[in-house]
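Chemist: Sequence below, structure please.
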Amino acid sequence: QVQLVESGGGLVQPGRSLRLSCAASGKIFSIGPMGWYRQAPGKQREFVATATSRGIINYADSVKGRFTITRDNAENTVDLHMNSLKPEDTAVYYCNAKGYYSEYEDATFDSWGQGTQVTVSS
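Modeler: Purely as a prediction, here's the structure:
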């Protein structure tokens, strides 16, 4: 019922920057945390960054100081600004959003995007 569409992945050289964007659409009453996760080949999906609707932000230690998450509550979008990229940042990046699709407390959703590939290589 709630769809997330990501964009902005690609191939980039080490030290360069990239921005990922995610837009939520569908039956949305309210969205709580929106964020980004990533999965490298042969590894489990891991947390990257989240932002709540009230502006509380958390980052994984591995990206602190390099990545910045921004959110537009009115547009239901979340971006991930990635600077000083390293080869170990190579992964498929997934957008995630949790919230409610109606005013009823059991009408929750936990949606994932389809993923966008980020490759950091010279």
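Chemist: so where is this protein shaky, pLDDT-wise?
Modeler: Judged by pLDDT under 70, the chain has no weakly predicted residues.
Chemist: Nearest residue to the residue nearest the centre of it in space, please, no chain neighbours.
Modeler: In the chain, the centroid-proximal residue (CA atoms, centre = their mean) is residue 36; its distance is 2.5 Å. Once its chain neighbours are removed from consideration, residue 36 has its nearest residue in residue 48; the separation is 4.3 Å (CB to CB, 6 or more residues apart in numbering). The way it works is simple: take the backbone N, C-alpha and C, and place the C-beta from them, glycine included.
Chemist: Could you give the number of residues near residue 82?
Modeler: 26 (other CB atoms under 10 Å).
Chemist: ugh, typo on my part, it should be residue 95
Modeler: A count of nearby residues for residue 95, using other CB under 10 Å, gives 27.
Chemist: thinking it is in contact with residue 3, fair?
Modeler: No. The pair residue 95 and residue 3 does not pass the contact test of CB atoms under 8 Å, sitting 10.4 Å apart.
Chemist: gap between the residue nearest to residue 36 and residue 105?
Modeler: Residue 48 is 29 Å from residue 105, where distance means CB to CB, to the nearest Å.
Chemist: Looking at those two, which one has more neighbours?
Modeler: residue 48 (24 against 7).
Chemist: who touches the more buried one in this structure?
Modeler: For residue 48, the contacting residues are 35, 36, 37, 38, 59, 60, 63, 67, 80, 93, by CB atoms under 8 Å, 6 or more residues apart in numbering.
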